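# quick one: sequence plus predicted model below, questions after.
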Amino acid sequence: MLTTLRGCGAQWRDFTDETSLHAADDFAVFFKDKVDAVRASTATTPAYEVPFKATMSTLEDEVKLIASALNKTRQLDIAPTWLEKEMRGSFPAEFKQAIVRLLLKKSDASDASEMKSYRPVSNLSFISKLSEKLV
């Protein structure tokens with residue numbers, strides 16, 4: 001079964017065949033409800049305070065620093081400096097797309113008709129995965 005999930009708006013496309021037991025929309029509702037239940041059960045948990053040491057005084061200072069940097073690309077840079085400066089703060093919509101494959105949690109799962117027997121696995125584009133690692 002192959003299902004595509006695009007962006008945060010959860011627009012599903014279904015590439016299933018006649019043997020599929022559930023439509024993509026069924027899985028979309030199931031996993032959304034599952035996430036909502038986890039969020040509700042942890043809503044009263046106090047947030048963990050991550051130790052933070054600020055190196056910049058404001059976001060404005062960071063923007064000024066990036067803008068004033070020379071457009072000199074180094075050997076280890078993954079993209080030209082001018083492009084990184086131009087794209088700061090934006091994340092193209094194409095990077096927010098993933099192919100979501102629904103896999104059985106256990107290969108010997110006897111009840112493929114149960115949606116809870118599946119887990120979603122997102123496959124991202126190379127540049128999306130790279131950006132994810134950089135952040």
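Received it, and whenever you're ready, just let me know what you need.

# wait, residue 122 touches residue 102, no?
No. Residue 122 lies out of contact with residue 102 (CB atoms under 8 Å); the separation is 10.8 Å. Yep, even glycine has a C-beta here, placed from its N, CA and C like the rest.

# comparing those two, which residue is more hemmed in?
Using other CB atoms under 10 Å as the criterion, residue 122 and residue 102 rank with residue 102 on top: 19 against 12.

# which helix or which strand is home to that one?
Per DSSP states H and E, residue 102 falls inside strand 97-104.

# please name every helix or strand in contact with that strand.
strand 2-6, strand 118-124 (3 or more CB pairs under 8 Å, 6 or more residues apart in numbering; DSSP states H and E).

# looking at those strands, which has the lowest confidence?
Per-segment mean pLDDT for these reaches its minimum on strand 2-6, at a mean of 43.

# pull the distance from the helix ranked longest in the chain to the chain's centre.
In the chain, assigned by DSSP state H, the helix with the most residues is helix 24-41. Offset of helix 24-41 from its chain centre (CA atoms, centre = their mean, to the nearest Å): 16 Å.
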